[in-house]
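1. Quick one, what's the 3D model for this:
(chains A and B)
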Amino acid sequence: MRTVPRRGRLGLRLLRAAPIGHHGAPVRTGLLMATNITTRAKDYSQWYLDVIAAGDMADHSPVRGCMVIKPHGFGIWELIRDQLDARFKATGHVNAYFPLFIPMSFLAKEAKHVEGFAMECAVVTHSGLEQDGAGGLRPKGAIEEPLIVRPTSETIIGHMYAQWVQSWRDLPLLINQWANVVRWEMRTRLFLRTMEFLWQEGHTAHETPTEAEEETRRMLDVYEEFAENVLAIPVVKGAKSAAERFAGADNTYCIEALMQDGKALQAGTSHNLGQNFSKAFDIKFQTRDQRIEHVWTTSWGVSTRLIGGVIMTHSDDEGLVLPPAIAPVVVAIVPIYRKDEEREAVLAYARALMVQLAGGEQAAHAMGNREIVSMLLPGDGRRIVLDLRDGLRPPDKFFHWEQRGVPVRIEVGPRDLQNKKAVVVTRVDRAKNIVDAAGLDRAWLQGCLASQQQTLLDRARAFRTANTHSVDSYDDFKARLEGGGFFLMHWDGTAATETKIKADTKATIRCIPLADSIDSAAGPVDMRAAGTDPVSGQPSNGRVIFARAY
RNA sequence: CGGGGCGUGGCUCAGCCUGGUAGAGCGCUUGGUUCGGGACCAAGAGGUCGGAGGUUCAAAUCCUCUCGCCCCGACCA
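-> Residues are numbered from 1 along each chain as shown, chains lettered A, B, ... in the order given. Sure, this is the predicted structure:
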């Protein structure tokens, strides 16, 4: 149930922005705060849902656990997809498409895989419908072998690879697919966990275990670089413990991020599947020395969950904050005028500004709403919009674009026209500045966006560092866990200890970091130094990251 | 799947206990005044109260079942 304060007739509009905002950074006061968004402090889960609603990103579907991704949310996904895809291509991968339906028998071929996914598979058992005699319909014919809707595609791709690979000359096989998958989840959350979600899954086959491991690590590096440079989300690369490993993998690597509420989010995974699937699906090749061997495979993926991670990393109590690199709209120009004479002059001024920002004359198009005119930024899919809606007054438009996370808002009115100025408001800090309109060109925009991108990454990194703690006693760990964050703690490497900690505290090993040193609130922490597991008292080879996770 | 909460115009909710012919605010439409951080006036449109059964002269209200959503647990990208 929503508990959002309703916008009152008088009183609530006078609420002021809290002096402490995102990540403790000061927020400029004097700006009204959103009244349709629950604050993070009051109810984090509700805040998350409110931000999505106010940002017009997604809607609930009539089917439980599924979501509709609305144009603004999908625009974010398109920018993620395109920029990731470019990185996959640059590392030698090509795209293909494998089918949604997988024969049920395929899943059974890899023992651990079936164990991991059996319970969350949607199963197609019938084809066709017939009247049920009570005004409704019922499934008609049972099909011979039930089909499962892919929860992931290792099996069907393994089956195909077995037919495509004969020789070492066919390797490596480097294929990615952009697809939807279905996992029958008990509990769902928009973007973070829905029954159907969009993702990419890379599936590669290699000649040697070394190559497969290199590929696994290479794609992990791609994810890390992408998360930091495009999503502005700092991540820790690491290996999963056996308990958290992908069903069917020899080794799973991941990138882990820390959300504003102190919970961890697995943002991407890369698996070294060894020969598990090649043996299950008989993917064999003739080696350079004329032996027959099974290939070594990998798989790696990121999903629409990344959007949830972006929301929970950057957004504030005023709504969505987007890293400019994935903002479908980067600039919203809001014209301000009173009289008709002013209107014409201001609109002409605003239009000229839009052209100047876009870097030259080009066709403008209505974006959905006929009164919102847009120009594409040359060279990428992002837009500058000019908000000509007559029915809304400027403040309404300010909130509209602010809550959608648009990085730059430019207000132009009669005073600006007279002085050749414009009011520029940046989303990351809500700072308002009056600047010379002549300087607002494409180069300026690129600089402004780059600077906001950097601010977001720096801010998120500082937050993570401040919420990363080295702990040496179990009591200390348990005491501080409620405050959230990453906990760097010694672990004896046994599943028993891991299970006990999870049962006691709900915290899990997020990863065994690859880095030798990790920054904590108290300074760099040596992850490799030997020590003692505070839970079991057994010796430990190094620290791992514990946290409560999404 | 267990525990809790909730389904009433597009949104947020009142009405339910104590049955009697459906309300408010916001939003939307039209006209006017407005417009630099969520305006105001006037006139309108819009709901068989999640669904199905039942009790009753009469059900948003009582009973049963069911569907969905949110929160908390067990499982997961």
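2. The longest strand belonging to chain A - contacts with which helices or strands?
-> In chain A, assigned by DSSP state E, the strand with the most residues is strand A:137-149. Other helices and strands packing on strand A:137-149, by 3 or more Cβ pairs under 8 Å, 6 or more residues apart in numbering; DSSP states H and E, are strand A:101-103, helix A:104-107, strand A:122-131. Where C-beta positions appear, they are placed from N, C-alpha and C, glycine not excepted.
3. Now do the next helix or strand after the second one, average pLDDT.
-> Right, helix A:104-107. Counting by DSSP states H and E, the next helix or strand C-terminal to helix A:104-107 is helix A:111-117. The predicted model assigns helix A:111-117 a mean pLDDT of 87.
4. which SS class is the residue of the stretch 101-250 of chain A found nearest RNA strand B?
-> Closest residue of the stretch 101-250 of chain A to RNA strand B, Cβ to the nearest atom of the strand: A:Met186 (3.1 Å). Here A:Met186 is coil, with the state taken from DSSP: H, G, I helix; E, B strand; the rest coil.
5. That one: neighbouring residues, count only.
-> Neighbour count of A:Met186, defined by other Cβ atoms under 10 Å: 9.
6. In CSV, list the helices and strands packed on strand A:137-149 along with distance to RNA strand B, mean pLDDT and mean neighbour count.
-> Below are those laid out as CSV (distance: least, Cβ to the nearest atom of the strand, whole Å; pLDDT from 0 to 100; neighbours: other Cβ atoms under 10 Å):
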stretch, distance to RNA strand B, mean pLDDT, mean neighbour count
strand A:101-103, 17, 93, 16
helix A:104-107, 15, 91, 17
strand A:122-131, 12, 82, 12
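7. Which of those sits closest to A:Arg338?
-> Shortest distance between A:Arg338 and the helices and strands packed on strand A:137-149, using Cβ to Cβ, is found for strand A:122-131: 57.7 Å.
8. pull the CA atoms of the closest one into CSV?
-> Extracted in CSV, the C-alpha atoms of strand A:122-131 (Å, rounded to 0.1, in the frame of the first residue of the first chain):
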residue,chain,number,x,y,z
ALA,A,122,8.0,-22.4,-16.8
VAL,A,123,6.8,-25.6,-18.5
VAL,A,124,4.7,-25.7,-21.7
THR,A,125,2.6,-28.9,-21.6
HIS,A,126,-0.3,-28.2,-24.0
SER,A,127,-1.0,-26.7,-27.4
GLY,A,128,-4.3,-25.1,-28.3
LEU,A,129,-7.3,-24.1,-26.4
GLU,A,130,-10.9,-25.3,-26.3
GLN,A,131,-14.2,-24.2,-24.8
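9. Show me what it is packed up against.
-> Looks like strand A:122-131 contacts strand A:137-149 (3+ Cβ pairs under 8 Å, 6+ apart).
10. contacting residues around the strand it packs on?
-> A:100-105, A:107, A:121-132, A:181-182 (Cβ atoms under 8 Å, 6 or more residues apart in numbering).
11. Equivalent analysis for stretch A:62-80, please.
-> Residues contacting stretch A:62-80 (Cβ under 8 Å, 6+ apart): A:52, A:55-61, A:185, A:188, A:190-191, A:194-196, A:198, A:230-231, A:304, A:306-307, A:310, A:322, A:325-329, A:368, A:380-382, A:404.
12. If any of the residues you listed are buried, put those into a PyMOL selection.
-> Remark: buried members of those, expressed as a PyMOL selection using 16 or more other Cβ atoms under 10 Å:
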select buried, chain A and resi 52+55+57+58+188+190+191+194+195+196+198+230+231+304+306+307+310+322+325+326+327+328+329+382+404
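13. So which of the contacts of stretch A:62-80 sit within helices?
-> Among those, the residues falling in helices (DSSP state H) are A:Ile52, A:Leu306, A:Ile307, A:Val310.
14. What pLDDT is listed against the residue of the stretch 101-250 of chain A closest to RNA strand B?
-> So, for A:Met186, pLDDT stands at 78.
15. Then A:Ala96?
-> 97.
16. give the contact list for whatever residue of the stretch 351-500 of chain A ends up closest to RNA strand B.
-> Here the stretch 351-500 of chain A gets closest to RNA strand B at one residue, A:Gly413, 2.4 Å apart by Cβ to the nearest atom of the strand. Going by Cβ under 8 Å, 6+ apart, A:Gly413 touches A:Pro335, A:Ile336, A:Tyr337, A:Glu342, A:Val346, A:Val423.
17. so where's chain A uncertain?
-> For chain A, the stretches with pLDDT under 70 are A:1-31, A:133-136.
18. could you point out which element follows the longest helix seen in it?
-> For chain A, the helix that runs over the most residues, judged by DSSP H, is helix A:442-466. Per DSSP H and E, the first helix or strand lying C-terminal to helix A:442-466 is strand A:468-470.
19. residues in contact with that following strand?
-> Here strand A:468-470 has contacts from A:258, A:480, A:485-489, A:518-522, A:525, A:543, using Cβ under 8 Å, 6+ apart.
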